[in-house]
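>>> how would this look folded up:
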Amino acid sequence: MIPARAAAWRLRLALTGRSLEHLRTMQRLAKATRAEVEAYQQDRLRTLLLHAYEKVPYYREVLTEAAVIQQGRLVLDNFTRLPILDKATIRRRFDDLSATDVASRKARVNTSGGSTGEPVKFLQDHQADEWKIATKLLFDSWTGYRPGEPVALLWGAGRDLQESGWRTRLGTALRSELRLNAYLMSEQISDDYIAKLNEFRPSLILAYAQSIFNLAVHAEKTSQRLVSPTAVMTSATTLEDEMRTVIERVFGAPVFDRYGSREVSDVACDYGDRLGLVVSPATHLVEVLTEDGLPVRPGETGEIVVTLLSNFSMPLLRFRIGDMAIQGETGLGEISWPRLAKVLGRTTDVFYTVDGKHIYGGYFTRHFYGKDWVAQFQVEQLAYEQLQVRIVPTEPLGEEFLVAQKQELVNAFKEIMGPATVIDIAIVDDIPVGPTGKRRYTISNLAPPPGSRAP
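Below is the predicted model:
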């Protein structure tokens, strides 16, 4: 049955676009030299920039101002002079950012998830969708998964789980998918999901990192065995090292982390060699920048800026995606593609001390791992010397135990934030998820202090 489903799925892709052709291109590029990869990417970038200059009013303006286009000639060396594109600019200049030939490109309006509180609408065309499918197929293949094998989704974005329309239902059937909604993860729902996964026996599980981690913790706590897939692919929320360890132990399978966003699709994925996330050079040009807009060196931390090379209806050139990462080395291992050593999470997951230190959210989350009495938690920075910690306990707790646990957290957080930091720990009944079904573990409402620099 699996070969038949795979053949039907490939036939459908062949009849509806160029995804399989793009996949073959990316497979060839995976075997190319570093010089060949860079040359291919630069050709893609040149084509996009010339299109943007000719067809997109906003870019005709800024490409000229940045001297990327000089007297009709493209000067690629000046590409990094382009201003960073942010969501506020997309909202304000939406019409000017839309290509004049958009009507011929089968474009559709999409919206970002709004996990930072800043949802934005943008255009994506059929060509971008074809490259998106090809990238997903490539990343899936790195896990050992093959088309037609059963795959389970533990996902939280309602629009991705809706089964309206015959095309969606047909695609789900051809891919043999089990879809589980990760918006709510109660103990009863978790028990139900474990039973469904064991019956379905997926080859691949695609999940929100935090949701599959919570399910693994619940399974281990309740001594329930889980079927071992070929691999677990995490996405959507930051995967901490401790989370990966628990998921791999409980599921008995390797975890592949995938990074992307709704605006720019899938950007990078684990290759299976534990050398960092591999960036897709056919579809994305990724920069990791300091607060001054300068490129960081490998091993250093900065903000991710993405140029999507496949969307001509609304080109996103040097788009501020809102995430932080550690720059990786290009050409590590057997694939000569750029790398991100680690994605650290949203820029709003970075906490700042009054003396200018930058603390990444993972510092706080790791202090909750292994605490069986914690069902949910959230750490929010309200001021440079003020944290609000919310905890949902798994069961009623004794006062003496709770006082000791709170003090342990206070001591750990003051050690990094400073002794004058006020840390309020509240025991609550629930912590609401955001509009995309993601529960934010760490939130900072502050900008860095004047004069501070990222480490």
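>>> can you list the residue ranges for helices in this protein?
For the chain, helices defined by DSSP state H occupy the ranges 2-16, 19-29, 34-55, 57-65, 87-92, 94-97, 126-142, 158-161, 166-175, 187-200, 209-221, 241-251, 362-365, 399-417.
>>> show me what counts as buried in the fourth one.
By neighbour count, with 16 or more other C-beta atoms under 10 Å as the criterion, the buried positions of helix 57-65 are Y58, Y59, V62, L63. The way it works is simple: take the backbone N, C-alpha and C, and place the C-beta from them, glycine included.
>>> by how many degrees do it and helix 34-55 diverge?
120 degrees (axes from the mean of the first three to the mean of the last three C-alpha atoms, to 10 degrees).
>>> can you give the contact residues for helix 57-65?
49, 52-54, 69, 82-83, 93, 95-97, 100, 315, 317 (C-beta atoms under 8 Å, 6 or more residues apart in numbering).
>>> from these, which would you call buried?
For these, buried by 16+ other C-beta under 10 Å: L49, A52, Y53, I69, L82, L97, P315, L317.
>>> tell me the contacts of the last one?
Counting by C-beta under 8 Å, 6+ apart, L317 makes contact with L48, L49, A52, Y59, L82, L85, T307.
>>> out of those residues, who's nearest S265?
T307 (12.6 Å; C-beta to C-beta).
>>> shouldn't the closest one be in contact with R44?
No: if you go by C-beta atoms under 8 Å, T307 and R44 don't touch, sitting 9.6 Å apart.
>>> more neighbours: which of those two?
A count of neighbours by other C-beta atoms under 10 Å puts T307 above the other of T307 and R44, at 23 against 18.
>>> next, count neighbours for the closest residue to the more buried one other than its chain neighbours.
Ranked by C-beta to C-beta, 6 or more residues apart in numbering and with sequence neighbours excluded, the top spatial neighbour of T307 is L285, at 4.1 Å. Neighbour count for L285, taken as other C-beta under 10 Å: 21.
>>> wait, what's in contact with L285?
Applying C-beta under 8 Å, 6+ apart, one finds that L285 lies in contact with Q41, L45, V306, T307, L309.
>>> just give me the neighbour total for D292.
8.
>>> start at 290 instead
Got it, first residue is 290 now, which makes that one D581.
>>> what pLDDT does the model give it?
pLDDT for D581: 89.
>>> also T461?
55.
>>> pick the one among the buried residues of helix 346-354 closest to K425.
The closest of the buried residues of helix 346-354, once distances to K425 are taken by C-beta to C-beta, is Y348, at 27.8 Å.
>>> measure that closest one to E354 for me?
Distance of Y348 to E354, given as C-beta to C-beta, to the nearest Å: 10 Å.
>>> next, the nearest residue to T731 once chain neighbours are set aside: phi, psi?
Leaving aside its chain neighbours, T731 sits nearest to G650 (3.2 Å; criterion: C-beta to C-beta, 6+ apart). In terms of degrees, to the nearest 10, the main-chain angles of G650 are phi -50, psi -30.
>>> circling back to that earlier point, among the contacts of L606, which one sits closest to V681?
For the contacts of L606, the nearest to V681 is L374 (38.2 Å; C-beta to C-beta).
>>> would you mind measuring from the residue lying farthest from the centre of the chain to T683?
The outermost residue of the chain relative to its centre, with distances by C-alpha atoms, centre = their mean, is E689 at 40.3 Å. Applying C-beta to C-beta, the value for E689 to T683 is 17 Å.
>>> same question for R607.
On the measure of C-beta to C-beta, R607 and T683 end up 45 Å apart.
>>> who's more crowded, these two?
Neighbour count, other C-beta under 10 Å: between R607 and T683, R607 has more, with 21 against 14.
>>> got the contact list for that one?
Here R607 is in contact with T369, L371, P372, I373, L374, E576, V594, V595, T596 (C-beta under 8 Å, 6+ apart).
>>> what's the most distant pair in those residues?
So, the contacts of R607 by C-beta to C-beta: farthest apart are P372 and V595, at 14.6 Å.
>>> still on that earlier bit, and the contacts of R607, which is closest to R313?
T596 (23.3 Å).
>>> so V699 sits right up against P708, yeah?
No: using C-beta under 8 Å, V699 makes no contact with P708, being 10.6 Å away.
>>> please say which of those two ends up with more neighbours.
Higher neighbour count among V699 and P708: V699, with 17 against 7, using other C-beta under 10 Å.
>>> what is the neighbour count of E419?
20.
>>> thinking it is in contact with L312, fair?
No: using C-beta under 8 Å, E419 is not in contact with L312; the gap is 9.6 Å.
>>> which residue is the nearest non-sequential neighbour of D612?
Nearest to D612 is I593, by C-beta to C-beta, 6+ apart, at 4.7 Å.
>>> surely E438 meets S465?
Yes: shown here, E438 and S465 form a contact pair, counting by C-beta under 8 Å, at 7.0 Å.
>>> returning to that earlier point: rank the helices of the chain by pLDDT, which is bottom?
The stretch with the lowest average pLDDT out of the helices of the chain is helix 447-450, scoring a mean of 49.
>>> how close does A328 get to A321?
Counting by C-beta to C-beta - A328 and A321 are separated by 9 Å.
>>> neighbour count winner among the two?
Shown here are A328 and A321; by other C-beta under 10 Å, A321 has more neighbours (16 against 12).
>>> leaving out chain neighbours, which residue sits closest to that one?
Take A321 and drop its neighbours on the chain: the residue closest to it by C-beta to C-beta, 6+ apart is S625, 6.4 Å away.
>>> for the one you found, give me its contacts.
A321, T322, R323, E325, V326, T619.
>>> number of residues surrounding the spatially closest residue to K695 that is not a sequence neighbour?
Excluding the flanking residues, the one nearest K695 by C-beta to C-beta, 6+ apart is I714, at 4.8 Å. A count of neighbours around I714, defined by other C-beta under 10 Å, yields 18.
>>> K485: neighbouring residues, count only.
Applying other C-beta under 10 Å, we find 13 residues neighbouring K485.
>>> that one against N470, yeah?
No: with contact defined as C-beta under 8 Å, K485 does not reach N470; the gap is 11.5 Å.
>>> ok now stretch 413-427, how far from the chain's centre?
What separates the centre of stretch 413-427 from the centre of its chain is 16 Å, taken as C-alpha atoms, centre = their mean, to the nearest Å.
>>> let me fix that, I meant to ask about stretch 540-547.
The answer for stretch 540-547 is 16 Å, by C-alpha atoms, centre = their mean.
>>> quick one: buried residues of that stretch?
Quick answer for stretch 540-547 (16+ other C-beta under 10 Å): F540, A542, P543, V544, F545, D546, R547.
>>> how about stretch 330-337?
Q330, R333, L334, L337.
>>> export it as CSV, just CAs?
Listed next in CSV are the C-alpha coordinates belonging to stretch 330-337 (Å, rounded to 0.1, in the frame of the first residue of the first chain):
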residue,chain,number,x,y,z
GLN,A,330,22.3,31.0,-4.8
GLN,A,331,23.8,34.2,-6.2
ASP,A,332,22.1,33.5,-9.6
ARG,A,333,18.8,33.1,-7.8
LEU,A,334,19.3,36.3,-5.9
ARG,A,335,20.2,38.3,-9.0
THR,A,336,17.0,37.1,-10.7
LEU,A,337,14.9,38.1,-7.7
